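>>> can you look at this prediction? I've put the sequence above it.
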Amino acid sequence: MEPSLSWIAKATGAKQVERGERIQALWGGYGEIFRVHLTGADDKTAIVKWVSPPARPPRSESAVSHARKCRSYEAEEHFYRAFAPLCDERSRVARLWASHASRGESFFLFEDLDAAGFPGRRRHPTPEDTDRCLAWLAAFHARFLGVRPQGLWTTGTYWHLATRGEELRAIEDAELRAAAPVLDRRLSGCRHQTIVHGDAKPENFCFSTTEERVAAVDFQYAGGGCGMKDVAYLLADGGPESVELARVDTYFGQLRTRLAERPSPVDASAVEAEWRSLYPLARADYFRFLAGWAKGAWARDAYGQSVTREAVRALG
């Protein structure tokens, strides 16, 4: 059932609400995102995320996949209520104005980041764009270092092994399939844990008009973990390894700066040393998921196969 415009009017104080353009469909047909135009409110526009899961899993997916998607929206709402208010301008996120659930559907009402000065989108980011995203991740990870992910996913990222048994069984490389639990344990057992975004692709960043700052959206898979998971995912298509590792250096430069700003002291050198050692494993963990989920693309990805084999062999 379409969200009531009167609910939006009440939440924003608008005298009139008009539905605007559709921005995008949610993954798997689980709803949509659209803009609304407000008259008589402090803001002229807002964004509605309307989550409308099917009562039963579609034929194209399993009950496990369906349950994972439904759980992700619960985690996202909790993130915006409990964690988003702790983010600052360096880790900018959209403000949640209101949310409610009715008859199995969920409705989120967000500020419009376009109107807030972040109208840019990048499907193919420039190196400078990527650096800005890395700066956002560094600020986000520094802010939540040592914070427990209560109400979120215990282990963040949408490719987390415990939620991807079907993809694990589909991996044809027996060595990689056997190494998957080891990769997972090494990453999950790291000493310095933070909150990870969980889906830090370029499309989930909104760029400011001055191109100096970014804001992030889509926190369905936010949860606990090593910050390298987000970095490895963002850089998965980053080109030659030398360029990729230079971007990793950029991230750690930003992370050290942000950690130094925390009110309580943090051993930044210890965090960096541990996370740098785990970067190859985080990269291999994501490629492990692709090996089972996107077999055709994985078969053509010589670079991904090469660095994953190297990481697996280093495990012993």
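All right, it came through fine. Residues are numbered from 1 along each chain as shown.
>>> residue ranges with poor pLDDT in the stretch 151-300 of the chain?
The model of the stretch 151-300 of the chain has pLDDT under 70 over residues 238.
>>> and the strands in the stretch 151-300 of the chain?
Taking DSSP state E, counting those that start in this stretch as the criterion, the stretch 151-300 of the chain contains strands spanning 194-196, 205-207, 214-216, 223-225.
>>> which stretch among these is buried most, on average?
Mean neighbours per residue, mean count of other C-beta atoms under 10 Å, is largest over these for strand 194-196, with a mean of 27. Bear in mind the C-beta positions are built from the backbone N, C-alpha and C, glycine included.
>>> what lies in contact with that strand?
Strand 194-196 is contacted by residues 83, 140-142, 144-147, 149, 152, 156-157, 222-227, 229-230 when judged by C-beta atoms under 8 Å, 6 or more residues apart in numbering.
>>> try it again at 7 Å.
Residues external to strand 194-196 that are found in contact with it (C-beta atoms under 7 Å, 6 or more residues apart in numbering): 83, 141, 144-145, 147, 149, 152, 156-157, 222-225, 227, 229-230.
>>> of the residues you listed, just the buried ones, ChimeraX syntax please.
Selection of buried members from the contacts of strand 194-196 for ChimeraX, criterion 16 or more other C-beta atoms under 10 Å:
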select :83,141,144,145,149,152,156,157,222,223,224,225,227,229,230
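>>> domains for the protein, by residue range?
Under the assignment named as automatic domain parsing, the residue ranges that make up the domains of the chain are 5-111, 127-314.
>>> and the most centrally placed residue in the chain, how far is that from Pro263?
Note on the chain: the residue nearest the mean C-alpha position is Asp199, at 2.6 Å, using C-alpha atoms, centre = their mean. The gap separating Asp199 from Pro263 is 29 Å, by C-beta to C-beta, to the nearest Å.
>>> same check on Arg276?
According to C-beta to C-beta, Arg276 stands 25 Å off from Pro263.
>>> and for Phe144?
Here the distance between Phe144 and Pro263 works out to 14 Å (C-beta to C-beta).
>>> what does Ala14 give?
From Ala14 to Pro263 the distance is 39 Å (C-beta to C-beta).
>>> which of these two has more neighbours?
Neighbours were counted for Ala14 and for Pro263 using other C-beta atoms under 10 Å; Ala14 has more, 22 against 4.
>>> can I assume that one is in contact with Asp43?
No. Using C-beta atoms under 7 Å, Ala14 and Asp43 do not qualify as a contacting pair, with a distance of 8.7 Å.
>>> anything in contact with each of those two?
If you check Ala14 and Asp43 against C-beta under 7 Å, 6+ apart, no residue is contacted by both.
>>> buried ones in stretch 176-188, by neighbour count?
176-177, 179-180, 183-184, 186-188.
>>> just the helices in the stretch 51-200 of the chain please.
63-78, 127-143, 165-169, 174-188 (DSSP state H, counting those that start in this stretch).
>>> swap in the stretch 201-316 of the chain?
Chain-ordered helices for the stretch 201-316 of the chain, with DSSP H, counting those that start in this stretch as the definition, fall at 228-234, 241-260, 268-293, 295-300, 302-314.
>>> in JSON lines, list those helices along with distance to Trp136.
Formatted as JSON lines, the entries for those read as follows, by distance: least, C-beta to C-beta, whole Å:
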{"stretch": "helix 228-234", "distance to Trp136": "10"}
{"stretch": "helix 241-260", "distance to Trp136": "9"}
{"stretch": "helix 268-293", "distance to Trp136": "17"}
{"stretch": "helix 295-300", "distance to Trp136": "27"}
{"stretch": "helix 302-314", "distance to Trp136": "24"}
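>>> out of those, deepest packed?
helix 228-234 (a mean of 26).
>>> re the thing from before, could you check how far the residue nearest to the centre of the chain is from Gly189?
The span separating Asp199 from Gly189 equals 23 Å under the rule C-beta to C-beta.
>>> wait, Thr155 sits on Ala222?
No. Checked against C-beta under 7 Å, the pair Thr155 and Ala222 is beyond contact range at 10.8 Å.
>>> cool, thanks, signing off.
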